[in-house]
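S.K.: Fold the following and give me the result.
(2 chains)
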Amino acid sequence: GDSVTQMEGPVTLSEEAFLTINCTYTATGYPSLFWYVQYPGEGLQLLLKATKADDKGSNKGFEATYRKETTSFHLEKGSVQVSDSAVYFCARVSGNTPLVFGKGTRLSVIA
Amino acid sequence: SQTIHQWPATLVQPVGSPLSLECTVEGTSNPNLYWYRQAAGRGLQLLFYSVGIGQISSEVPQNLSASRPQDRQFILSSKKLLLSDSGFYLCAWRVKQGGSPLHFGNGTRLTVT
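M.R.: The predicted structure is shown next:
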């Protein structure tokens, strides 16, 4: 079946460091891809999305590019802040089927 | 704009007691609705989803059930809670457009004692 694989966490970075969280997906159908962020005690918030190959989603300094050739949608940010500490989920969906989520990657940013 | 309301925010219930969690969506009609559970430090588990009033799909057999009595209302229930039902329950909605994202509520933290 469809699946999403994220890098295992936790990821600990110093403030202003560069962030990459890897995500790969199964290529069946023509999926849309998403990154969600979950702050402690809260629900998931949509961070960015991409609906077709070579699309780049971006928001709040985060970026991810839909790479069909490598079936990847890696999340990047050039300079992380303490306030970026959260759990990040990669997800894919085709049509109206339920979204498939990765297991989440916990990011801790220290000052 | 669309909003999703989920309540209560926290709940402590004894083993064997009933459960009712409610979720309502405003600002959209005929959405797909979802219930997820997140155990501590774990990923998301899809429990139920609904594409219309009275239509419920169950992803995981367990002692929970879901109902959709109105277009924008989704209820998660149990007749008798188990310790293993503890977790963070999230309601979500999306429009019926292929590839559309999910929008989540703020969640309910359930502790079964």
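
S.K.: Let me know whether residue B:24 touches residue B:5 as I believe.
M.R.: Yes - Residue B:24 lies in contact with residue B:5 (CB atoms under 8 Å); the separation is 5.0 Å. No exception for glycine: its C-beta is placed from N, CA and C like everyone else's.

S.K.: Have a look at those two and say which one is more surrounded.
M.R.: With neighbours defined as other CB atoms under 10 Å in any protein chain shown, residue B:24 and residue B:5 compare such that residue B:24 has more, 19 against 13.

S.K.: quick one, strands of chain A?
M.R.: Ranges of strands in chain A, per DSSP state E, are A:4-6, A:11-14, A:19-21, A:23-25, A:32-38, A:44-50, A:56-59, A:62-65, A:75-77, A:86-93, A:100-101, A:105-110.

S.K.: do chain B as well
M.R.: According to DSSP E, the strands that chain B contains are B:3-7, B:10-13, B:19-26, B:32-38, B:44-52, B:55-58, B:64-70, B:73-78, B:87-94, B:103-104, B:108-112.

S.K.: what would the ones you listed look like in TSV with mean pLDDT and distance to residue A:21?
M.R.: What follows is the strands of chain B, written out as TSV (pLDDT from 0 to 100; distance: least, CB to CB, whole Å):
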stretch	mean pLDDT	distance to residue A:21
strand B:3-7	94	26
strand B:10-13	97	30
strand B:19-26	97	29
strand B:32-38	95	18
strand B:44-52	94	16
strand B:55-58	93	30
strand B:64-70	96	31
strand B:73-78	97	30
strand B:87-94	96	21
strand B:103-104	96	19
strand B:108-112	96	26
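
S.K.: Can you tell me which of these is nearest to chain A?
M.R.: strand B:103-104 (3.8 Å; CB to the nearest CB).

S.K.: so what strands line up beside that closest one?
M.R.: strand B:87-94 (antiparallel) (DSSP bridges).

S.K.: Identify the residues contacting the strand it pairs with?
M.R.: The contact list for strand B:87-94, computed with CB atoms under 8 Å, 6 or more residues apart in numbering or on different chains, reads A:43-44, A:99, B:2, B:4, B:6, B:21, B:23, B:25, B:28, B:31-40, B:44, B:74, B:76, B:100-105, B:107-110.

S.K.: ok so, going back, tabulate the strands of chain A (CSV), appending mean neighbour count, distance to chain B and mean pLDDT.
M.R.: Formatted as CSV, the strands of chain A follow (neighbours: other CB atoms under 10 Å in any protein chain shown; distance: least, CB to the nearest CB, whole Å; pLDDT from 0 to 100):
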stretch, mean neighbour count, distance to chain B, mean pLDDT
strand A:4-6, 20, 9, 95
strand A:11-14, 14, 15, 97
strand A:19-21, 18, 14, 97
strand A:23-25, 22, 13, 96
strand A:32-38, 24, 4, 96
strand A:44-50, 20, 5, 97
strand A:56-59, 15, 11, 97
strand A:62-65, 20, 14, 98
strand A:75-77, 20, 15, 98
strand A:86-93, 24, 6, 96
strand A:100-101, 21, 5, 92
strand A:105-110, 16, 8, 96
